[in-house]
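In: Predicted coordinates and the sequence they were generated for:
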Amino acid sequence: MAQKINQAKDPGPPHGAVTGQYADEEYFMNVALLFAKKSRDPKSKVGACIVNEEGKIVGIGHNKMPNGREDDFPWKRGGSRGLDTKYPYVCHAELNAIMNKTSVDVKGCTIYVTRFPCNECAKAIIQSGIKHVVYLSKPSAEDPIEREAAERLLSGIGPRQFLSKTEADELLKSILPALNE
Ligand SMILES: Nc1nc(=O)n([C@H]2C[C@H](O)[C@@H](COP(=O)(O)O)O2)cc1CO
């Protein structure tokens, strides 16, 4: 039997939805977008920015190969996800943002991420104590099992899509060229 997914549990981050503070959310998502540009992945650049309850950035990350091994693995895409592709090696933006935290922990924080988290990052997000997920894009062409697992894992948080009237769409195209293929 399909598991029922709880939707929209997230009341929103403390620095987001209130009139006059929406600009803060744009700022944090744009930090995530800017950081995505650091990625060496030629096809899919992802950025993440963790913000605490005081509205301070306490972690940023982009998808990259493991530290010190940046040149040792391929960036090749492919459905096979074999050893000659990037998939078994790349560290996702969300994981890097959590690992890069500048505070003791990230409990109660919000993660702004340019792409919907995968199931592995969903686990890391939950275990780290992050309480809100705001994402920019949710590409449909992803592994259906992993996507469904991520949705189920994050159902207790209720990820919220970031909506902005800024140039976020244009920026997104520039970091996810694979979406435009
Ligand atoms: N939430 C995510 N954070 C990430 O950092 N990534 C990274 C890992 C790879 O470098 C790339 C995925 O490759 P591709 O299949 O879109 O060419 O994006 C992917 C996702 C999607 O789940």
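Out: Sure, I can see it.
In: Name the nearest residue to the residue most central in space within the chain, ignoring sequence neighbours.
Out: Centroid-nearest residue in the chain, with C-alpha atoms, centre = their mean: residue 113, separated by 3.2 Å. Of all residues not flanking residue 113 in the chain, residue 48 sits nearest, at 4.3 Å (C-beta to C-beta, 6 or more residues apart in numbering). C-betas here are computed from N, CA, C, even on glycine.
In: What strand or helix carries that neighbour?
Out: Secondary structure assignment for residue 48, by DSSP states H and E: strand 47-51.
In: immediately after that strand, which helix or strand?
Out: Once strand 47-51 ends, the next helix or strand along the chain (criterion: DSSP H and E) is strand 57-62.
In: tell me the mean pLDDT for that next one?
Out: Strand 57-62 comes out with an average pLDDT of 98.
In: Relative to it, what are the paired strands and their orientations?
Out: Within its sheet, strand 57-62 is paired with strand 47-51 (antiparallel), according to DSSP bridges.
In: wait, does the partner strand contact the ligand?
Out: No. Using C-beta under 6 Å from any ligand atom, strand 47-51 never reaches the ligand; the gap is at least 7.5 Å.
In: and residue 114, which of the three is it?
Out: strand (DSSP: H, G, I helix; E, B strand; the rest coil).
In: ok, now residue 27?
Out: Secondary structure, three-state DSSP: residue 27 is helix.
In: And it, how far from residue 43?
Out: The gap separating residue 27 from residue 43 is 27 Å, by C-beta to C-beta, to the nearest Å.
In: do the same with residue 114
Out: Counting by C-beta to C-beta, the gap from residue 114 to residue 43 is 14 Å.
In: residues in contact with residue 57?
Out: 28, 31, 49-51 (C-beta atoms under 8 Å, 6 or more residues apart in numbering).
In: if you set the cut-off to 10 Å instead, what comes out?
Out: By C-beta atoms under 10 Å, 6 or more residues apart in numbering, the contact set of residue 57 is 27-28, 31-32, 49-51, 97, 102-103, 109, 112.
In: Would you mind confirming that residue 37 is in contact with residue 45?
Out: Yes. Using C-beta atoms under 10 Å, residue 37 makes contact with residue 45 at a distance of 6.3 Å.
In: So between these two, which is more surrounded?
Out: Just comparing residue 37 and residue 45: by other C-beta atoms under 10 Å the higher neighbour count belongs to residue 45, 25 against 12.
In: pLDDT wise, what is that one at?
Out: pLDDT, read off for residue 45, is 96.
In: on that earlier part again, from the ligand, how far off is the residue nearest to the centre of the chain?
Out: Applying C-beta to the nearest ligand atom, to the nearest Å, the value for residue 113 to the ligand is 6 Å.
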